[in-house]
Every structure is written in C-alpha cells, then in structure tokens.
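*Asks:* Here is a sequence together with a model predicted from it:
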Amino acid sequence: MDTRALLDSLDLGVVAIASDWTIAEWSAAAARMTGLPGDRVLRRECWEAFPRARGGEVERVLRQVLADGRPRASLLPSGPSMLEARITRGPANHLLLVLHQPRDVRMPDPRAGDLLAAFEAERSLYLKLFHSLPTPTFLLAVDGQILDANAEAARLVGEADARALRGQTLGTWVAGVQRPALATGLRDAVTQRQELQLAIELASDSPREVKAVVVNLAPSGQPPTLLFLAVDVSRELLLQRRLLQADRLSQLGALVSGVAHELNNPLAAIAAFAEMLGAERRDPDLQESAGIIQAEALRAGRIVGTLLDFARQRPRVSAPVDLVDVAEQVLSLQRSALKKARVRAAVAIPDDLPPVIGDPQELQQVVLNAVVNARQAVAATGRPGQVLIMAQRTDDHVLLAVEDSGPGVPQELLERVFEPFFTTKGEEGTGLGLAICFGLVRAMGGRIWMQNVEGSGARLAIELPLDTTQPRTVPAAALVLPKRRLAVLVVDDEENVRRGMVLLAKRLGHDVTGVERLADAARQLTEPEGDRFDALLVDVHLDEANSGFDLFERLRLEGRGRERRIVFTTGDSISARTRDGLQRSERPVLRKPFSLQELSDVLDRVAGG
C-alpha cells in the first residue's frame, strides 16, 4: 500500500504543513472532518484552510513546535466546529497535524455561538491594537523566535513586511556582544518583567539604540509568550551626546577665556620687543630674527583670537566678511590636524574679491566644518591628498567652495547629507554638522549644496550674497607715522607688557609714561600736569581689586570728557563682563598682541577725536 492510500485509510485526519506554511499533505479524513477537499487546499497557505487559527493560540503553538520540536496539543477551529490536533515536527521541518473529533461531543449550547462570536471580536480587537501600536512590538518565544510583529517592529529592523519576520530570531539584528544579555533577559522575563537596552544593527544604516520592556503574556503553566515592547531612543541618545558635547565646548570656551589673558600678555611683550629689535637695522641677521619672532608672536595671538571668536556666544550679526580672513583663520585652527592626515591645504581666492554679507563667526563655523569633513574624507583613503578653499564672484553673489580629493559621496546619499542625524561616520559622527551649516547659510540669505568632483572627491558649495556697500580696502604696506607728537599714559600691571608698549609708543615719537596700578594712574591724572595726556592705554584687567573700567568710570563721573582719551588693551575677548564693559564704554580696543602700525592708528584716532 502506498503512502497516499495509507493516509486515506486512517480514521484520523492527517495534515502536513511545509516550512513555507503551505499544505503538503491532506488526507481523506482531514477533508471529511473539515469539509474541504484536498484539491482546494494542497499547496496553499494553511491559513486558507484554518483562517481562524492565524494570529491566535494555534499559530503560537505551531511556531513553538517548529522551534523546539516538542509535540503539543491544541484545539483547532475549523468552520463552525473545533477539532483536536496533535502537533509534531517531522522531516524537513514539516509540521504534522493529527486531527480527530473532540472526545466529549455534546449538543451545542444555544449560547455557544454568542460566546464564540464575542471571543472572536475580542481577539480581533487585540490583533488590531497590536498591529496599530505606534511603538515596535514583537511576540517572542523564550528562545527569541519571532511569533508575530507589528509594522513598527518591521521598520525598526529594516523589513518591509512584518509577516516576513515570523519564524526568524530577534537576535539576528542585535549586536553580537549583546546577544547573551538578550537571551538572559528573555529567559528571566518568563517569571518577571525585564527591561533591556540593545543596539539593533542594520546593514544599510547606523545602529539603532532601543530600550525594551519584556513581559510574559501566557497564563501560569502554559508555554511562555513574551511581549517585547521597544522604544527607539537613537535620536534621544544623539541629542544627549550633542548636549554633552555642547557642555564640554562651553567649558572649553570658559577655559580658553581664562587663559587667553595670560597667553596674550606675554605674546604682546614678545611682539613689542621683537619689533623694537627689528628696528635696529645695523645687524641684518638680528633684524631677520626679530622679524620672525614678531611674526610668530602675532600669529600665535591670532590663533588664540580665533579660538575665542569661535567659542564666543553672542547674537547673530550681519556684516561684511572677508573670505580670505575666514579661510586663513580656519586653516590656522586645522594646520596640525591637516599635517597629521597628510593633507595639503590651499586657498584660491582672488585679491579683488569683494566681501560677502553674513555673520563672521557663523561663516567661520561653516567653513571649519567643511574643512574638517574634507580632511576626514581624504584621511579615509589612507593616501595623501588635498583640500582646496576657493571662491569667485557670480553676479551679485560669491560662490565659495571647499573641495577635497577624497572618495566622494555615494550618489544615493548626496540628497541626504543635510538631514539632521544622518551620518556616514558611524559613532564618530553626530549627523548634525552639515544640518547646522545648512541652517546658518540659509539664515545669511545663501544656498549650500554638495556635489561630487569628476574623477574623485567632493565639493561643498556655498553661495553667499555680495557686499556692495563699499570697496575692499588694502592695508598699507609701510608704517604710517603719527600726525603729531602725543603724551601717552600706559597703565598695565605686567611689567614686560607695559615696558614693551612704552617702547613701541616712544618708537612712534610720543612722550610716554608707564604705571602699574590704578592708584598710580589716578595720581598721574590728578597732578597739575594731568591734563597733558592725549591718550591713555589702559589694560582691562589690572589686578584682582581693580579693572580698567574703574578708571574709565572715575573719569566719566569727573565730567571733563577725559574718558574719551582711553584706549583699552586686552587679551580677553570672550567673557561677558569684558564684552559688556567694552560695549558700554564705546572705546577703541587693542587686542593683544598688536603691531606698531595698529598702535599708531588707534592713537591717531583717539587724539584726533
């Protein structure tokens, strides 16, 4: 007797379900019990034969048997009646169902139909609730096998169809090092509610951090069915990291502010004495050495000033901005990093390019972000490369571009690089850099876009409005001597700085007096010849008890207008107290270190006013 004849001779119904949930065998007794002939169900999904079994207890039992191979029994709804089913796992992972009529067959109670209808309505309600939940939700076996999943769960793991997840294991998407913790959490959830934090890994995107609650829905004594509710906290964690980074930047800004005065004072002294040494033309070697010392001191001062400007928090402004200055400031900040990455930086901006209108600090931030991204792109190739900052005029705009010789941006990602939190750098990137740049450039009335360079590399292009209000001025190459001889009072508590400023002012042909403390300055100004001073160079920070603003206030209250002769000197341009004091005084400021020409210009301006 062949297998088919043997199956058809049995009084028990036999059904074989293949691993793809289609019906592979359907005996004559199964057809008799269900009222469904074999040609209507063979090679069709088993849910067409048993539609009321899908998503309920029967499907859960089928999946558990498929997962662990342990035989189980269940009541199988078939049409208006119920069948008893003994379920086992056969060869090739087929599920074998042996069907028979319930042993205790009774006349149906008239209320049974109403009860069954109510049960079905409740089950349908719970299914709708499960699949409409706005958070990723899984039904799991203890071993992590997915019994069911809603649409949000499918989106979490990058699947288009939630039904495709059934029978797969959740651990497939969990980071390898976290899989033991997942297994332990699922096992412990059988008896007690568990909370887990996991990283869901996707092939085409960065990992997603989720917090999950796991509870067992099955009654005591029944096979566990675990409800796994997950919340995607990736953006929340990125924001926390961003806030932490902002806090660290704020602390760094305060630190830079605190040391700026201590750095710029000795730099001012070095620059002043170097310039005085350079004036000795009798020794060419000495003159050259002094020029190098002065140039490097001024460069160090500019770097400190750039750091201060970049960290400073202040309202947005709209002013003419020289792109050459911006490029030089950014490259001075990145010089060491570019060198380590074997990246050669170049600037190609015409000398006659007019300024643009924008916020100087924010534009510096945009260019700095572009240069950092370009440097990282080149470094990723493992080869030396180049970063080029270039600009050209286009009608009433200026086109600024930062171009690199890196691998470029995949074509499908070009439109996404400005999306918040989108990054190709993994955990090293926040995905906020270019998004912030996009907002800053738009606020300045400009446009920004990314494009690939033919051959290799990428180009970040920025279009900014042109400043047409005034022509660009070119600084004088030679020292312009003062218009007249002045009496100058220098007030600075650091001896070397004070001495250097005195020598520079004397070099300009002025009569100079230097004092250390506020009391000394007040005494000089109250003497009979106190009115002789045409200009006062006053350091903002004199000592712990007094500041240059105290002297300004004393002269203002005096009512003779002598406070208008003050020029403040400072190495601190970030602290709120200094900034507010300078704004209230409306006096000129010399930022340390400064050159002889800068000193000459400001003294002429004060004496002439």
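*Replies:* That came through, no problem. Fair warning: this is a prediction, and the values are worked out from it, not measured in the lab.

*Asks:* Neighbours of the residue lying closest to residue 178 once chain neighbours are set aside, how many?
*Replies:* Distance criterion C-beta to C-beta, 6 or more residues apart in numbering; nearest residue to residue 178, sequence neighbours excluded, is residue 198 at 5.3 Å. Placement of C-beta: from N, CA and C, glycine included. Look at residue 198: counted by other C-beta atoms under 10 Å, it has 22 neighbours.

*Asks:* go on, residue 86?
*Replies:* With other C-beta under 10 Å as criterion, residue 86 counts 14.

*Asks:* Low-confidence stretches in the stretch 251-400 of the chain?
*Replies:* 251-261, 280-282, 285, 302-303, 305-316 (pLDDT under 70).

*Asks:* Now do the strands in it.
*Replies:* 319-321, 343-348, 356-358, 385-394, 397-404 (DSSP state E, counting those that start in this stretch).

*Asks:* what's next to the second one, contact-wise?
*Replies:* Spelled out, it's strand 343-348. By C-beta atoms under 8 Å, 6 or more residues apart in numbering, the residues outside strand 343-348 that reach it are 324, 327-328, 331, 334-335, 338, 371, 374-375, 378-379, 384-391.

*Asks:* From those residues, keep the buried residues only.
*Replies:* Among the contacts of strand 343-348, those buried by neighbour count (16 or more other C-beta atoms under 10 Å) are 324, 327-328, 331, 334, 338, 371, 374-375, 378-379, 385-391.

*Asks:* sorry, back to before: quick one, grab the pLDDT at the residue nearest to residue 178.
*Replies:* pLDDT, residue 198: 88.

*Asks:* any idea which element it lies in?
*Replies:* Assigned by DSSP states H and E, residue 198 belongs to strand 194-202.

*Asks:* for that strand, which positions count as buried?
*Replies:* 194, 196, 198, 199, 200, 201.

*Asks:* cool, stretch 139-158 as well?
*Replies:* 139-142, 144-154, 156-157.

*Asks:* Which ones among these lie within helices?
*Replies:* Taking DSSP state H as the definition of helices, the buried residues of stretch 139-158 contribute 151, 152, 153, 154, 156.

*Asks:* and the fourth one, how far is that from residue 410?
*Replies:* Translated: residue 154. 25 Å (C-beta to C-beta, to the nearest Å).

*Asks:* Which among the strands of the stretch 251-400 of the chain is found nearest to residue 85?
*Replies:* strand 397-404 (65.8 Å; C-beta to C-beta).

*Asks:* and the next element down the chain from that closest one?
*Replies:* helix 433-443.

*Asks:* Just checking the distance from the longest strand belonging to the chain to the centre of its chain.
*Replies:* If you go by DSSP state E, the chain has its longest strand at strand 205-216. A distance of 21 Å separates the centroid of the chain from that of strand 205-216, by C-alpha atoms, centre = their mean, to the nearest Å.

*Asks:* Okay, now the sheet partners of the helix or strand following that strand, with direction.
*Replies:* Counting by DSSP H and E, the next helix or strand C-terminal to strand 205-216 is strand 226-232. Looking at strand 226-232 with DSSP bridges, its partner strands are strand 137-140 (antiparallel), strand 205-216 (antiparallel).

*Asks:* want to try TSV for the ones you listed, with distance to residue 594 as columns?
*Replies:* Converted to TSV, the strands paired with strand 226-232 look like this (distance: least, C-beta to C-beta, whole Å):
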stretch	distance to residue 594
strand 137-140	66
strand 205-216	48
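
*Asks:* among the ones you listed, which is the most enclosed?
*Replies:* Mean neighbours per residue, mean count of other C-beta atoms under 10 Å, is largest over those for strand 137-140, with a mean of 23.

*Asks:* what sits up against that one?
*Replies:* 60, 130, 146-150, 152-153, 165, 170, 186, 214, 217, 225-230.

*Asks:* re the thing from before, tell me which of the strands paired with strand 226-232 lies nearest to residue 353.
*Replies:* strand 205-216 (39.4 Å).

*Asks:* what mean pLDDT does the closest one have?
*Replies:* On average, strand 205-216 scores 84.

*Asks:* got the CA positions of it in CSV?
*Replies:* The C-alpha coordinates for strand 205-216 follow below in CSV (Å, rounded to 0.1, in the frame of the first residue of the first chain):
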residue,chain,number,x,y,z
ASP,A,205,22.2,52.3,8.3
SER,A,206,23.8,53.1,11.6
PRO,A,207,22.8,51.1,14.7
ARG,A,208,19.6,52.0,16.4
GLU,A,209,19.6,52.1,20.2
VAL,A,210,16.4,50.7,21.8
LYS,A,211,15.0,50.4,25.3
ALA,A,212,12.7,47.4,25.6
VAL,A,213,10.2,46.1,28.2
VAL,A,214,9.6,42.3,28.1
VAL,A,215,6.6,40.6,29.8
ASN,A,216,5.2,37.1,29.7
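
*Asks:* Report the inter-axis angle for that strand versus strand 194-202.
*Replies:* 150 degrees (axes from the mean of the first three to the mean of the last three C-alpha atoms, to 10 degrees).

*Asks:* Give me the contact list for strand 205-216.
*Replies:* So strand 205-216 is contacted by 136, 140, 156, 158, 175, 185-186, 189-191, 193-202, 224-234, 237, 423, 426-427 (C-beta under 8 Å, 6+ apart).

*Asks:* rewinding a little: could you dump the strands of the stretch 251-400 of the chain to a markdown table with distance to residue 601?
*Replies:* Shown next, in a markdown table, are the strands of the stretch 251-400 of the chain (distance: least, C-beta to C-beta, whole Å):
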| stretch | distance to residue 601 |
| --- | --- |
| strand 319-321 | 19 |
| strand 343-348 | 26 |
| strand 356-358 | 25 |
| strand 385-394 | 28 |
| strand 397-404 | 28 |
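
*Asks:* Would you point to the one among those that's packed deepest?
*Replies:* strand 356-358 (a mean of 25).

*Asks:* So which elements touch that strand?
*Replies:* strand 319-321, strand 458-465 (3 or more C-beta pairs under 8 Å, 6 or more residues apart in numbering; DSSP states H and E).

*Asks:* what residues does that strand touch?
*Replies:* Residues contacting strand 356-358 (C-beta under 8 Å, 6+ apart): 318-321, 323, 363, 398, 400, 444-446, 464-467.

*Asks:* 7 Å instead, please
*Replies:* Outside strand 356-358, the residues within contact range by C-beta atoms under 7 Å, 6 or more residues apart in numbering are 318, 320, 321, 323, 398, 444, 464, 465, 466, 467.
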